[in-house]
Every structure is written in C-alpha cells, then in structure tokens.
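In: requesting a structural model of the entry that follows:
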Amino acid sequence: MRPLWKRALRKIAIPTARIGLRALTQVFDQVATPDGQVYTVNRNIHPFDYLALKRGIYEKDERGLMRALFTPDESIIDIGANIGVVASTALEEKLVDGGHIVCVEPNPKSLYPLRRNMERAVSLRPLRSYEIVERAVSAQAQGHAHFRQRDNLSSGLATSTTPNRRDKMLCVQTVSLSDLVNRHATHGASLICDAEGAEIDMIRKEPDAFGKIRQIVIELHEPSLTGRPDATPDIMAGEIEKLGFKCGGRAGNTFYFAKGPR
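Out: Have a look, this model is predicted:
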C-alpha cells in the first residue's frame, strides 16, 4: 500500500495542479502549436486539451493521415468538427480553390472557436469557403437527441458514449449523413469523421449515403467508450470495406479509406 504521506500529497498536488492549469487557460483564448498553427479555444477548455494542442498532439492521427493520404477535393464534410483543428487544416491543405467544407458540430461550447478558426483558415485561402451545421449526426435524421457535453473535447450523443459524472445533458438537433450529402455534396464529397461512437449507426443504418463518399478519414471507437462490444474498430473497418472502400492507412484507431480511381 502506498504510504499515507504519498496518498495525502497526491490528493493535494493533483487538484492544485489542475486549478493552476485551469487558471492559465482562463487567461489565454488562443493556442500556438509547434507547426505554426494558431487556434482560438474556449477559455473554459480542459487544461489537458489545452496542453495537447500546445504540444501539437491533439487529433494528431487524423491530421497526419489526412495530410499524407487525402486527395484534394472540392467538397469535404467534417462530422464532429469541434473547434476546427482538423477542418481548418483540411480547408487550407486539401480543399481545392472554389471548394467548400461543411463543419458539423452540435456542441454550443465549440461553435465560437470553430467559427474563428475557420475564418482564419479562409483568410489564408480566400478562394475556399466553409459552412457550419449546428447539429449532431444521427441515423434518426431530422429530430432531436440527448447529447453529453463534457469539459474536454470529447462530447457526443448519449446513445453512443458512456456516462461521466461531469457530463451535462443537452437536447440537440440531429441530421443524417444522407441529408448532409444530399444538401451539401450532391456531386459527392470526402468525409472526415470523429463522432465519438455515433459513426456505428451511421455506417450500419445509412449504407446508401456512402455511395457519394469518395474517401474517408475516420476514428473508430472502442467498446469501452461506445458500450457496444459488437462494434470494435476492426469490425467497423471491415464493414466500411464492404461498402466499397479499401483501407489505405491506419494510425491507432483512426483509418483512411478510399474508393477506386475517380
């Protein structure tokens, strides 16, 4: 058993460190990353997320696969855009001139920094455009769903994430992948997806929507997060391949899939 003084120190030191980090994040609403990117953040951002951004490791796998493998496209849909770290990179580096990216994000806390970060990206690439859809993606289509808002950057639908005692429950509007494609990418699109488990029903209940998707960067979540042992990352990757895609790369549980030549 750990000595009493060590246990006491742990109970004091960790909360004190968290308070100190939280105070620092209250002061700054921008984060500069090692690769020269600058992101606006919510001043209530979780300290660990702030540090992950500062070190350049937040969404590292998604950004890495997209940068290395994504074919530039005129239409991109980013589901679970959050504050726009991946979406702004996609706009700057993978959206062709005249192209359009749709950022889908229901979390009210993320919307202000998302807009600021996308505006900054557009200012660097003025021939490209973006749009924000303030909804959660659900196979339920037009309707409402319960959403777990967390103090970090991993909020998601209550039906697809395990409970946390700090979760704040919200009622958010929903949209299906089919509706997104039909409204915003009638000629097809590339897809970026980090939906905290909601991708499971999207893949299983909306297979036809993937007919217009050319390539995907997607994080597939473990059953420990989704509560669905029948939907491990490997199982879901196999189901995506059955929709006509081939896996072209993987980093952890983040995958790149593409169809044949355009």
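In: residue ranges for the strands of this structure, please.
Out: 30-32, 38-40, 73-79, 95-104, 129-133, 136-137, 143-149, 156-157, 168-175, 189-193, 213-219, 246-251, 254-258 (DSSP state E).
In: helices or strands up against the second one?
Out: Okay, so that is strand 38-40. The elements that strand 38-40 packs onto, with contact taken as 3 or more CB pairs under 8 Å, 6 or more residues apart in numbering; DSSP states H and E, are strand 30-32, helix 108-124. (Each C-beta comes from the backbone N, C-alpha and C, glycine too.)
In: buried deepest among the ones you listed, which one?
Out: helix 108-124 (a mean of 19; mean count of other CB atoms under 10 Å).
In: angle of that helix against strand 143-149?
Out: Interaxial angle, helix 108-124 versus strand 143-149 (axes from the mean of the first three to the mean of the last three CA atoms, to 10 degrees): 90 degrees.
In: give me the distance from helix 108-124 to the chain's centre.
Out: With CA atoms, centre = their mean, to the nearest Å as the basis, helix 108-124 stands 14 Å off its chain's centre.
In: so which residues make contact with that helix?
Out: With CB atoms under 8 Å, 6 or more residues apart in numbering as the test, helix 108-124 has contacts from 29, 38-42, 44, 81-85, 87-89, 91-92, 101, 103, 105, 128-130, 132, 134, 149, 153, 155, 170.
In: contacts for stretch 152-159, please.
Out: In contact with stretch 152-159 (CB under 8 Å, 6+ apart) are residues 45-46, 48-49, 58, 80, 82-83, 107, 109-110, 136, 138, 145-149, 161, 169, 195-198, 201.
In: just the buried ones from the residues you listed?
Out: 45-46, 49, 58, 80, 82-83, 107, 109-110, 136, 138, 145, 147-149, 161, 195-198, 201 (16 or more other CB atoms under 10 Å).
In: neighbours of residue 213, how many?
Out: 23 (other CB atoms under 10 Å).
In: surely it touches residue 189?
Out: Yes: the criterion here is CB atoms under 8 Å, and residue 213 meets it with residue 189 at 6.4 Å.
In: stretch 195-215 spans what distance, first to last residue?
Out: Using CA to CA, to the nearest Å, one end of stretch 195-215 lies 17 Å from the other.
In: what about it, distance to the chain center?
Out: 15 Å.
In: with that, I have no additional questions.
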